[in-house]
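Q: Following is a predicted model, sequence given first.
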Amino acid sequence: MSGLAWGALYGLAAGLVIAIAALIGVWGERKVAGRIQMRIGPQELGPFGLLQTLADTLKLVLKEDITPAAADVRIFRIAPLIVFAPIAMSFVIIPYASGFAPLDTSVGILFFMAVPAISVIGVLLAGWSSRNTYATIGGLRAAAQMISYELPRTLSILPFVLLAGSMRPLDIMDEWRWWWIPLTFIAFIVYFISSIAEVNRGPFDLPEAESELVAGYFADYSGIRWAIFMMAEYGGMVAAALFGAVFWFGGYLHLPGALGVIMLIAVATLLAVAMIWVKWTFPRMRPDQLMGTAWKVLTPMALLQLVIVGVVIPWL
Amino acid sequence: MAVTHGKGAVPRHDQVGAPVRTPHAVPVTVNVTDDFPGGARGFFARWRSLLTGLGITGRRALGPVSTLRYPHEKYTLSPRWRGALRLRGVLGLDDIPIIRDAPPEYNAGIDELHRADRLPPCVGNCPANVDARGQGYYLGEGKPAEAYELVRERNILPGVLGRICHHPCETACRRNYYDEPVAIRPLHRHAYEEYAKVASERLTPFERTRGQRIAIIGSGPSGLTAAYDLMKLGYSVSVYEKEKKPGGALYSGVPSYRLPREVLHDEIDNLVTLGMELKLGVEVGKDVPIDYLIGEYDAVLIAVGLQESRIIPVPGHTAEGVMGALPFLRDANWKGDAGVSGKRLLVIGGGNVAVDVARCALRTGAAEVRLACLEGDDEMPCHPWEIEEALDEGVIAMCSLGPEEVLVDEDGKVRGMRMKECLSVFDAAGRFSPQFGEETTDVELDVIVFSVGQGPVLADVVAGSDLTLTERGLLPVDGTLFTTHHPGVFACGEIVTGPGSAIASIATGHEAATSVHRYLEGRDLAEGRVARPVPVYEKYQVADVKGVEANRRRVVMPMAKPEERATDFRQVELGLTHLEALNEAARCLRCQSEVCVGCTFCARTCPDYAIEVERTDDPGERRVTHYDLDLSKCCFCGLCAEQCPTDALTHTGQYELSFFHRDFTIFDRHEMVRDGGGTRATGRDGVHEDSPGVTQ
């Protein structure tokens, strides 16, 4: 019973964190994109336009929740939650502070790799249940893309398991040394790129390519259900940024308590800004370039990194 | 099986049954072109390209935000947000260009402006290219004396022309399109009235820097213009006038209810103050032979104008009571009495002079004034406002009637006129070829005034010199250089152009002065001379002014009441007040100046209400305070810039339809990662940091 209560609490907390992160993330994205495009971005509602996203959220919540007549209603309605829930779950294994992770488990890394991947099913279901050609193509594209990029992403995390000799995130944090940063730099690049592809953000946003697929797998969604998809995207981005900050940049850097948490959030914010930066810099890729990047560039790079780490380990 | 590819033969693939499809009809491999080489070099080149892109956007994001800020603006908007449209200049920050060049180069300057599409229509349509835009600007800024001096550069008698000109400028005025034209002519008059108060301080005689002397015969508008230009160049100029008062046709032809004589004399006095020598009552050819002038002076300019009225040789035209328009007007103007008191009078002709005659006849006491012309009432050659004023005063117009015979009584006096119906005036090719019908009308009257054309009287003027006239009494003159066949003798005015307007005469005066100047300097007369560009301006439909705000309407010139004014020679138009003139000057759109005056017509044109313009309207302090485009409403129709009268509003490279070539809509990668600075199509990206109006 107490385990269920704790789980519910963690779920609520994760949902809240994602909601706030999405709120700030959308504002930040618009600001950064604005600056990149010589604009200013939101500026009228609240200081620096901070309240703009809040107003947008209110609008989204109040909007009509439309279900297409031809849709498979039950799957259509539940699909956003299937996308969102696994991403919310991935937040629980992240070691936020020294010696604290909401879910302290010896298979933490496996959990982080495996659980968010479930959202692929939600994406597929969303596209399929809409009974809409665009949505279906978007869903299939998303599935192909997300599954393809699982591989380099998983391979890019393996060096830490090798270095620390454990899959428990807190163990890895205890073992973490500063020279892991240069040592695992190639893995970081692989992880960064494949994370962007995992959350379907530009330049890997083929599943939701507006110009070709209207909005891809969520073309028929509106109101709060659409917002849940967007929250899942931002949640995935934040999770990826937190995870990257923890392993590649030492997370709380052995700092105690709240100081460590602030450090972690600062580094993760920088990574999230970098993702936004990438999105607003590069044009969308073609499908053949997308697959080619995953299989012909990132996977060999991740393997190369494994070899390097494997060669280094005996000297440790 | 043999396959033939002869005429009409089709390649056959089928032998039996269904046709065989060619395999690989659709290419399976996409031919992807990539600029990067293969191998390690390509690998690094790719990564360098990615990093370059990140570097560009990163620098842009961290760099300063360049924003456009207009006066009193609440929010700062980045140029890209406003980037689809751009103002080249804003009133209050940028100056209106003033067209002011020395006379010989003036035409070249006008021509240059015309080629660059920077010629305001009022200036382009004026024969003398008076800078009416600059006048509006100076008046609007509260500098009437500067406005007067600017106008005087080209139109040497602004006070006179401000009353009598037929204002082609107002015809071409772009405000015709929106509501009503700017009252340019009344503004000339207002500028003169303001200038007259300070004239004594501002008039300084021109210095005589050159020794040569020039004689000008005739003190009409063209002669005075040439005199002014030549004095300005430093020559000493003597003007010979045969009458006791100067002004030529302005004095003897234009009735004083349109042009008070004090104004004319005042403006000519100003010219005398500037250094002109005026010899009144000296008739060249009678008192002084022209040979004497040719010998005494370095150059002679003949500007005597037209002095003889044509009379149609219908039966009875020699009867007592038949006269020409010019003698009639001369009597009316000089004596104030043309001998028609209490008589019934008929004016033959439909031009402006005919209307002048009719109105003068009323003022000299004629009992009944009729005006007969060949044309119908909607195609009379005179200006519509002239005939309208005449009709108000009681002139009876008889249209579509041609003279047949003068009815003469036994004493040889005019008894009446037999008129025949005129069916059409012009033939299919547009030539003058009146067709008359059978029906005739008899009119009882005492005096007939023919106002059907004028001719020069030159025989006396050129007598004794080697200048010869044609059989029709005309002096052969080069139409562009204004030279005669005697070197050093020039001619200008209506003896060259034929009957026309005062301002057209003035234009010839400028050109003749240029020729005289070049002749005296020993330069080639024709070298580099640019003909005045004659742009064709569309004839405007009368705009619908219903519902137009009062402050957009043209000022109404106050007029004396018809029943009062028809009895004497007092001025009909009463003039504008100072405030009226300021408002009217502010109505001027400063066309083609590339400076936004906040006319708001872009906002009115916009179908989506995406444009917001605000300006302050205090007289003499008209400023644009706010200009904003809401791109979320903009539909990229382009109407705003299309209609912009000043050409200040332009589309930038970011305007969706600004790509003028289809190829330019396709970007390659380098195009997209290129540093800011715009698109290939226009080479510029809206507003740059270094452009005016941008603050960082």
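A: That came in fine, so what should we check first? No experiment lies behind these values; they were computed from the predicted model shown.
Q: Could you use CA atoms for every contact and neighbour count after this?
A: Noted.
Q: what sits against residue 197?
A: Picking chain A for this. Counting by Cα atoms under 8 Å, 6 or more residues apart in numbering or on different chains, A:Ala197 touches A:145-146, A:149, A:204-205.
Q: Number of residues surrounding the residue in chain B that chain A sits nearest to?
A: Here the residue of chain B nearest chain A is B:Ala61; by Cα to the nearest Cα that distance is 4.4 Å. Using other Cα atoms under 10 Å in any protein chain shown, the number of residues around B:Ala61 comes to 21.
Q: Quick check: the gap between it and A:Gln37.
A: Noted for B:Ala61: a distance of 8 Å to A:Gln37, by Cα to Cα, to the nearest Å.
Q: Enumerate the residues of the stretch 151-300 of chain A near chain B.
A: Contact residues, the stretch 151-300 of chain A versus chain B (Cα under 8 Å from any Cα of the partner chain): A:277-278, A:280-282.
Q: quick one, what contacts the residue of chain B closest to chain A?
A: Counting by Cα under 8 Å, 6+ apart, B:Ala61 has contacts A:32-38.
Q: element containing it, please.
A: Following DSSP states H and E, the helix or strand that holds B:Ala61 is helix B:39-62.
Q: For that helix, what is the distance to the chain centroid?
A: Distance of helix B:39-62 from the chain centroid (Cα atoms, centre = their mean, to the nearest Å) equals 58 Å.
Q: Just name the shakiest helix or strand of chain A by mean pLDDT.
A: helix A:210-213 (a mean of 71; mean pLDDT, DSSP states H and E).
Q: and the next element down the chain from that helix?
A: helix A:223-248.
Q: picking up where we left off before, can you tell me which of the contacts of A:Ala197 is closest to chain B?
A: A:Phe204 (14.3 Å).
Q: three-state assignment of that closest one?
A: Following DSSP: H, G, I helix; E, B strand; the rest coil, we place A:Phe204 in the coil state.
Q: List the contacts of it.
A: A:Phe204 is in contact with A:196-197, A:284-285, A:290, counting by Cα under 8 Å, 6+ apart.
Q: So B:Glu112: helix, strand or coil?
A: Quick answer, by three-state DSSP: B:Glu112 is helix.
Q: Now name the helix or strand holding A:Val309.
A: Assigned by DSSP H and E, A:Val309 belongs to helix A:299-312.
Q: contacts for that helix?
A: Helix A:299-312 is contacted by residues A:151-152, A:155-156, A:158-159, A:162-163, A:183-184, A:186-187, A:190 when judged by Cα under 8 Å, 6+ apart.
Q: And the furthest pair within those?
A: Among the contacts of helix A:299-312, the pair separated by the greatest distance (Cα to Cα) is A:Leu151 and A:Leu183, at 20.4 Å.
Q: how many other residues sit next to the spatially closest residue to B:Glu207 that is not a sequence neighbour?
A: Leaving aside its sequence neighbours, B:Glu207 sits nearest to B:Gly234 (Cα to Cα, 6 or more residues apart in numbering or on different chains; 5.9 Å). If you count neighbours by other Cα under 10 Å, B:Gly234 ends up with 19.
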